[in-house]
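Student: no FASTA, just this:
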């Protein structure tokens, strides 16, 4: 019940923040204004590339969960696709990171230090992407930090996937930290 309340309240707050160009037009037009400034073709290309990258990232997270034993999974592999449910995704991303981290931590062959680092970077990009919704310099800085942390998180996820895809008897993860 508590997670439902967090998801609903978080999504409501994100929605209010996304709508600031309408209730506080003096603050600027936000990310949507930046995309609009690129013209129709530029905006379409930017949106297509961004969502294409999100799809590849989701596929990587889905692979992480699928590579883990079913008994270690805190969520179904397909649950990562909630990242496309805007504006719900801004809150849900924290839960996706939590569920994948819990799944990795439940796998005895996965080093706990690497999982903690992975989770910290994941929560960092989640928080920074919410900061990116704010107007002005805070939003730009949040967006830049979010993109860097998201890329780092994706790289870390790909490394986990490579390790998890190896036969367990040949490449135990416990010695890696």
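Tutor: That came in fine, so what should we check first? These numbers come from a predicted model, not from an experiment.

Student: Dihedrals phi and psi, the nearest residue to residue 80 once chain neighbours are set aside?
Tutor: Leaving out its chain neighbours, the residue that sits closest to residue 80 by C-beta to C-beta, 6 or more residues apart in numbering is residue 61, at 4.1 Å. Backbone N, C-alpha and C define where each C-beta goes, glycine included. Main-chain dihedrals, residue 61, degrees, to the nearest 10: phi -70, psi -40.

Student: Please name every helix or strand in contact with the lowest-mean-pLDDT helix or strand in the chain.
Tutor: Among the helices and strands of the chain, helix 30-36 carries the lowest confidence by mean pLDDT, DSSP states H and E, at a mean of 79. The helices and strands touching helix 30-36, judged by 3 or more C-beta pairs under 8 Å, 6 or more residues apart in numbering; DSSP states H and E, are helix 20-23, helix 39-67, helix 136-165.

Student: can you list those helices in a markdown table and add mean neighbour count and distance to residue 14?
Tutor: Converted to a markdown table, those look like this (neighbours: other C-beta atoms under 10 Å; distance: least, C-beta to C-beta, whole Å):
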| stretch | mean neighbour count | distance to residue 14 |
| --- | --- | --- |
| helix 20-23 | 12 | 11 |
| helix 39-67 | 14 | 16 |
| helix 136-165 | 16 | 13 |
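
Student: Dump those helices to a markdown table, plus mean pLDDT and distance to residue 94.
Tutor: Below are the helices and strands packed on helix 30-36 laid out as a markdown table (pLDDT from 0 to 100; distance: least, C-beta to C-beta, whole Å):
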| stretch | mean pLDDT | distance to residue 94 |
| --- | --- | --- |
| helix 20-23 | 84 | 21 |
| helix 39-67 | 96 | 13 |
| helix 136-165 | 95 | 13 |
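
Student: For this structure, which residue occupies the most central location?
Tutor: Centroid-nearest residue in the chain: residue 93, 4.9 Å away (criterion: C-alpha atoms, centre = their mean).
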